[in-house]
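Participant: Everything below, folded, please.
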Amino acid sequence: MLSLIDSAFFFFARPVMAIGGRFGARPKEVERFLKFMVVGTIGFVVDFGILNLLVLLAGFEVLVANTISFTLAVVSNFTWNRLWTYPDSRSRPAQSQLAQFALVNVLGLGINTLVLWALRPTFTTLVGRLGYNLAKAIATIVVLFWNFFVNRYWTYSDVE
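Facilitator: Residues are numbered from 1 along each chain as shown. Got it, this is the predicted structure:
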């Protein structure tokens, strides 16, 4: 399954990796960032899907639903990052990496919740009841960069 995913990934990613190389980026780091983005996209779908299901169908308060949806997305992201983005990091025990990944993501949840909390009133006024989705999207973009760089250089520091 992963070989099929890798084949499709490299078909689309190779030109971006080549461009990154022209600007001095190491191709392996560009590849990792692109894979992290794909995994993040999956996590984004999990996060937003569950958030909206909990808010719209189950009647949860937005910040409570955000905590649940964010946590489930983190589990998905850890699994895919360990298997696909950083397969060479599996020389370390999963528990050790999971603890670091969880800490980074708890801080990421704090950042995400703070941005969501701060922007939700404005976007709800502008867009209406579902304005929290726009606030959540901005929060997700902010946390994307936090998560990538801290995980890359701390959680997955054993990869070259």
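
Participant: going forward, measure contacts between C-alpha atoms and count neighbours the same way
Facilitator: Noted.

Participant: and the longest helix for the protein?
Facilitator: In the chain, with assignment by DSSP state H, the single longest helix is helix 94-127.

Participant: now could you export just the CA positions of the following helix or strand past it as CSV?
Facilitator: The helix or strand immediately downstream of helix 94-127 is helix 132-150, counting by DSSP states H and E. Only the C-alpha atoms of helix 132-150 are listed here, as CSV (Å, rounded to 0.1, in the frame of the first residue of the first chain):
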residue,chain,number,x,y,z
TYR,A,132,-15.7,29.2,13.3
ASN,A,133,-14.5,27.2,10.3
LEU,A,134,-12.6,30.1,8.8
ALA,A,135,-11.1,30.8,12.2
LYS,A,136,-10.2,27.1,12.5
ALA,A,137,-8.5,27.2,9.1
ILE,A,138,-6.3,30.1,10.1
ALA,A,139,-5.5,28.4,13.3
THR,A,140,-4.6,25.2,11.4
ILE,A,141,-2.2,27.0,9.1
VAL,A,142,-0.4,28.6,12.1
VAL,A,143,-0.1,25.3,13.9
LEU,A,144,1.1,23.5,10.7
PHE,A,145,4.4,25.4,10.8
TRP,A,146,4.8,25.0,14.5
ASN,A,147,4.2,21.2,14.3
PHE,A,148,6.5,20.7,11.3
PHE,A,149,9.5,22.5,12.5
VAL,A,150,9.4,21.4,16.2
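
Participant: Sort out which residues of helix 132-150 are buried, please.
Facilitator: Neighbour-count burial for helix 132-150, counted by 16 or more other C-alpha atoms under 10 Å, picks out 132-140, 143-144, 146-148, 150.
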